[in-house]
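Asks: I would like to see how this sequence folds:
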Amino acid sequence: MLTWLIPVALALDPAKVRYAVNCGGSEITTSDDVIYFADTGYSSGIVSDFGKSFPIKLTKFPEVYQTERYALSDFSYTIPLEEPGKYVLILKFSEVWFNQAQEKLFSVRIGDVVVVEMLDIFDQVGKYAAYDEFIPFEFVDGKVLIKGKEAVGGFRSGKMKIDFLKSDYDNPKINAIVLFKGKLEETNYNEQKRYIESLKRQMQEEISKEERGYRTDKIFEDETDYEDFVGEDQHIIIEEDQSLWSVLSSVPAMVIIAFVLVLGVAACIPTRASNAPSAPSKPKRT
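Replies: Now for the predicted structure:
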């Protein structure tokens, strides 16, 4: 059974958070004392609070992931960057619209360096779930260095520019941005990575169990017909540790067996009309 509804402890040390913005929303302070400023620093885009209609999983701070800014084309944010040193840019996302992967994909760029390529939020954690991208970088002599390479155009007039790039698959978006001063291992990166890996293993195990099982509702033409007959969530799946007798003796199975027997008996009983001699046709008038 999946346990991914349990919130993940993804707290940051507030003393090391240099800047945070709640994209598409008002100022908030999370329970770990991180202050997110009201939405500011954007070039364009559209605000949405559609996510407030749903609980956001995998986080103790769902309010951060319930508002967003998106755009029908490329857009950007600029955030203040002053002290030299090592940083981690944390980009926060959640998918609240699409129900499958390969529907929304977009990239993120700092200067001339693409730091997140063709992100598919749903493919990472599914729907209504928090997902963070972590981008380590250094700020030295007025230059943003990513993996030792300067991100040309990534810093100007005391601010770092972050571009969200549209693809052919819907629109780019962002829920929140955090600038953390420190190393990657000082953030919650490893914690999120372990949890997502565990989640994906559980999901794969569930898929494998269903593939090994046998669904008796296949005797119906489609899923709707079956659920109309026995009710929703009454699918019978034979697991490896179940005996055939325990499955056949279950209430849904007995109902199905009785239904099939009734159909079989009804098919074997000839009707009076079918056994009666057919009336001769009237001769045609000439």
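
Asks: domain map for this structure?
Replies: Domains of the chain are assigned by automatic domain parsing as 14-202, 214-269.

Asks: make a markdown table from those and add mean pLDDT, distance to residue 208 and mean neighbour count to it.
Replies: Yep, even glycine has a C-beta here, placed from its N, CA and C like the rest. Formatted as a markdown table, the domains of the chain follow (pLDDT from 0 to 100; distance: least, C-beta to C-beta, whole Å; neighbours: other C-beta atoms under 10 Å):
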| stretch | mean pLDDT | distance to residue 208 | mean neighbour count |
| --- | --- | --- | --- |
| domain 14-202 | 95 | 10 | 18 |
| domain 214-269 | 47 | 11 | 12 |
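
Asks: got the contact list for residue 87?
Replies: Counting by C-beta atoms under 8 Å, 6 or more residues apart in numbering, residue 87 touches 18, 81, 136-139, 179-182.

Asks: tell me which of these is nearest to residue 35?
Replies: Proximity of those to residue 35 (C-beta to C-beta) peaks at residue 18, which lies at 11.2 Å.

Asks: isn't there a helix covering that closest one?
Replies: No - applying DSSP: H, G, I helix; E, B strand; the rest coil, one finds residue 18 to be strand, outside a helix.

Asks: stretch 139-158: end-to-end distance?
Replies: Start and end residues of stretch 139-158 are separated by 11 Å (C-alpha to C-alpha, to the nearest Å).

Asks: quick thing: my sequence starts at 626, can you match it?
Replies: Shifting the count to begin at 626 puts that one at stretch 764-783.

Asks: quick check: residue 833 vs residue 810, distance?
Replies: Plainly put, residue 833 is 33 Å away from residue 810 if you go by C-beta to C-beta, to the nearest Å.

Asks: alpha carbons only: can I get the longest helix anywhere in the chain in PDB?
Replies: Using DSSP state H, we find that the single longest helix of the chain is helix 814-837. Extracted in PDB, the C-alpha atoms of helix 814-837 (Å, rounded to 0.1, in the frame of the first residue of the first chain):
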ATOM      1  CA  TYR A 814      17.800  18.000  -1.200                       C
ATOM      2  CA  ASN A 815      18.900  14.600   0.000                       C
ATOM      3  CA  GLU A 816      15.800  14.100   2.000                       C
ATOM      4  CA  GLN A 817      13.500  14.800  -1.000                       C
ATOM      5  CA  LYS A 818      15.600  12.700  -3.300                       C
ATOM      6  CA  ARG A 819      15.400   9.600  -0.900                       C
ATOM      7  CA  TYR A 820      11.700  10.100  -0.500                       C
ATOM      8  CA  ILE A 821      10.900  10.400  -4.200                       C
ATOM      9  CA  GLU A 822      13.000   7.300  -5.000                       C
ATOM     10  CA  SER A 823      11.100   5.400  -2.300                       C
ATOM     11  CA  LEU A 824       7.800   6.600  -3.700                       C
ATOM     12  CA  LYS A 825       8.600   5.500  -7.200                       C
ATOM     13  CA  ARG A 826       9.700   2.100  -6.000                       C
ATOM     14  CA  GLN A 827       6.400   1.700  -4.200                       C
ATOM     15  CA  MET A 828       4.400   2.800  -7.200                       C
ATOM     16  CA  GLN A 829       6.400   0.300  -9.400                       C
ATOM     17  CA  GLU A 830       5.700  -2.500  -6.900                       C
ATOM     18  CA  GLU A 831       1.900  -1.700  -7.000                       C
ATOM     19  CA  ILE A 832       2.000  -1.800 -10.800                       C
ATOM     20  CA  SER A 833       3.800  -5.100 -10.800                       C
ATOM     21  CA  LYS A 834       1.300  -6.600  -8.400                       C
ATOM     22  CA  GLU A 835      -1.600  -5.600 -10.600                       C
ATOM     23  CA  GLU A 836       0.200  -7.000 -13.700                       C
ATOM     24  CA  ARG A 837       0.600 -10.400 -11.800                       C
END
